[in-house]
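Engineer: Below: sequence and its predicted model.
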Amino acid sequence: MELRRWDGVLSGTMEMLLGADILDPDQETIEQIRQGEAAAFEELVRRYHRRVYALTYRFVRNEAEAADLTQEIFLRVWQKIDSFRGDAKFSTWLFQIAGNHCKNRLKYLKRRHHAMHDSLEAGFKGDDSQGPAVQIADESADPHEQMAGARMQQLVREKLEELPEAQRDLLLMRDIDDLDYAEIAEATGLPLGTVKSRIHRGRAELARSLKLALDADEV
């Protein structure tokens, strides 16, 4: 596995996308919603449900709470859709609302001493509602390749758990939940530069620790 491609190809691509002056693809759907087309809002929910759920789960670490939060966020979006002016991408506006809602819920849960005990493992389940999962090897593949793939999945999970939470969560939002840097910044309230630097450091540390573990396996 070539881990450095994360910083090269993927990060470079995101830089170009963030710097590009492109039309928000959601604008037409939003106009249909404003004209009272309920099906258009349902389409918008389908388009973003997985990513919003994944974001809420990163905050609260509880599936039931994340599901409730996701519904509340989309209800809030429906109520505020007329206030969206298109100054930024719709997704950036959406994740700003989602992030604020998650932070408010966290404050509430902490006041109630709510136990948040779900593990990071849920982020890698095959349930599409939680984002892209680490792929399970094809049963028709070579048994040695399957074992190597399973070992890599295990190592990635273990080494992700070892990262500082501030790096790990941002890295998962970017590479597992597929949020772009601007969306992560809006959702977390962090400066864009901080988001980028933490993700960069997280990727570098993950690559380093994986290399050490793989080298040890070969001894």
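Structural biologist: The structure has been received and is ready for your questions.

Engineer: okay, CA-based contacts and neighbour counts for the rest of this
Structural biologist: Will do.

Engineer: model confidence over the host helix or strand of Gln153, on average?
Structural biologist: Assigned by DSSP states H and E, Gln153 falls within helix 143-162. Mean per-residue pLDDT for helix 143-162: 72.

Engineer: just checking, what packs against the strand or helix carrying Asn100?
Structural biologist: Using DSSP H and E, Asn100 maps to helix 90-111. Packing partners of helix 90-111 (3 or more C-alpha pairs under 8 Å, 6 or more residues apart in numbering; DSSP states H and E): helix 38-60, helix 63-80, helix 181-188.

Engineer: so where's the chain uncertain?
Structural biologist: 1-24, 112-149, 217-219 (pLDDT under 70).

Engineer: Buried ones in the helix holding Asn100, by neighbour count?
Structural biologist: 90-103, 105 (16 or more other C-alpha atoms under 10 Å).

Engineer: Contacts made by that helix with the rest, please.
Structural biologist: Contacts to helix 90-111, defined as C-alpha atoms under 8 Å, 6 or more residues apart in numbering, come from residues 24, 26-27, 52, 55-56, 59-60, 69, 73, 76-77, 84, 182-184, 186-189.

Engineer: longest helix anywhere in the protein?
Structural biologist: Ranked by residue count and defined by DSSP state H, the top helix of the chain is helix 192-218.

Engineer: re the thing from before, reformat the helices and strands packed on helix 90-111 as TSV; add mean neighbour count.
Structural biologist: Listed next are these as TSV, based on neighbours: other C-alpha atoms under 10 Å:
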stretch	mean neighbour count
helix 38-60	19
helix 63-80	17
helix 181-188	23
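
Engineer: so which of those helices comes closest to Arg168?
Structural biologist: In terms of C-alpha to C-alpha, the element of those nearest to Arg168 is helix 38-60, at 10.0 Å.

Engineer: Send me the closest one as CSV with only the CA atoms.
Structural biologist: Taking C-alpha atoms only, helix 38-60 is exported to CSV below (Å, rounded to 0.1, in the frame of the first residue of the first chain):
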residue,chain,number,x,y,z
ALA,A,38,-41.1,18.0,-1.5
ALA,A,39,-39.3,15.4,-3.6
ALA,A,40,-36.4,17.8,-4.1
PHE,A,41,-35.8,18.0,-0.4
GLU,A,42,-36.0,14.2,-0.2
GLU,A,43,-33.3,14.1,-2.8
LEU,A,44,-31.1,16.5,-0.9
VAL,A,45,-31.5,14.4,2.2
ARG,A,46,-30.5,11.3,0.2
ARG,A,47,-27.5,13.1,-1.2
TYR,A,48,-26.1,14.1,2.2
HIS,A,49,-27.6,11.8,4.8
ARG,A,50,-24.6,9.4,5.0
ARG,A,51,-22.1,12.3,5.4
VAL,A,52,-24.2,14.1,8.0
TYR,A,53,-24.7,11.0,10.0
ALA,A,54,-21.0,10.2,9.8
LEU,A,55,-20.2,13.7,11.1
THR,A,56,-22.7,13.5,14.0
TYR,A,57,-21.3,10.1,15.0
ARG,A,58,-17.8,11.5,15.1
PHE,A,59,-19.1,14.0,17.7
VAL,A,60,-21.3,11.9,19.9
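
Engineer: packing partners for it?
Structural biologist: helix 27-34, helix 63-80, helix 90-111, helix 165-175.

Engineer: now the third one, how far from the centre of its chain.
Structural biologist: Pointing back at helix 90-111 there. 14 Å (C-alpha atoms, centre = their mean, to the nearest Å).

Engineer: tally of neighbours for Pro191?
Structural biologist: For Pro191, the tally of surrounding residues (other C-alpha atoms under 10 Å) stands at 13.
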